[in-house]
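[1] test case, fold it:
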Amino acid sequence: MTDVTTDPSLNTVTWWEIPVQDLEKAKAFYTAVFGWGYTPFGDGYAAVTAGEQMIGALSESADAVGEGVRIYVQVADMEGVFAKVEANGGSVKTPRTEIGGDMGWWGSFTDAQGRVIGVATNNPAG
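    This next block holds a predicted model:
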């Protein structure tokens, strides 16, 4: 297992999503405010781009009112994180799922107080 003290890319926020009710309206708003660009990435989902780099996403959801920004933490061992989540009063919400396009895997969990946190890994075994 990688030592997180020597690998600063681990256990850091590497992706975020803003849940929105109207994707096109939100894209127009954030383009006007921040100058963001967008890349379609599935139905109701647009990756946010700054220059050529994808930095986050807008995710269309009818229930988006009051939802906060979702964060994703890069980890070396997703299954190990899920085991720790469950041992500490949380629960797995979305099991390890392939992102596609050699982009790795993602999943999510609910912490002990009900907040949803995403995790991501490039590790095929973890």
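
[2] and stretch 80-95, end to end?
    By Cα to Cα, to the nearest Å, the extent of stretch 80-95 from end to end equals 12 Å.

[3] contact partners of it?
    1, 75, 106-112, 116, 118-119, 126 (Cβ atoms under 8 Å, 6 or more residues apart in numbering). Glycine gets a C-beta too; all of them are placed from N, C-alpha and C.

[4] again, only this time at 10 Å
    1, 11, 73, 75, 77-79, 96, 105-119, 121, 126 (Cβ atoms under 10 Å, 6 or more residues apart in numbering).

[5] Three-state assignment for residue 49, please.
    At residue 49 the chain is in strand, as set by DSSP: H, G, I helix; E, B strand; the rest coil.

[6] which residue ranges of this structure form strands?
    13-20, 37-40, 45-50, 53-60, 70-74, 91-98, 105-110, 116-121 (DSSP state E).

[7] got TSV for these, with mean neighbour count, mean pLDDT and distance to residue 29 too?
    Formatted as TSV, these follow (neighbours: other Cβ atoms under 10 Å; pLDDT from 0 to 100; distance: least, Cβ to Cβ, whole Å):
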stretch	mean neighbour count	mean pLDDT	distance to residue 29
strand 13-20	17	91	9
strand 37-40	14	94	12
strand 45-50	18	94	12
strand 53-60	17	93	10
strand 70-74	17	93	18
strand 91-98	13	95	27
strand 105-110	19	94	26
strand 116-121	20	92	23
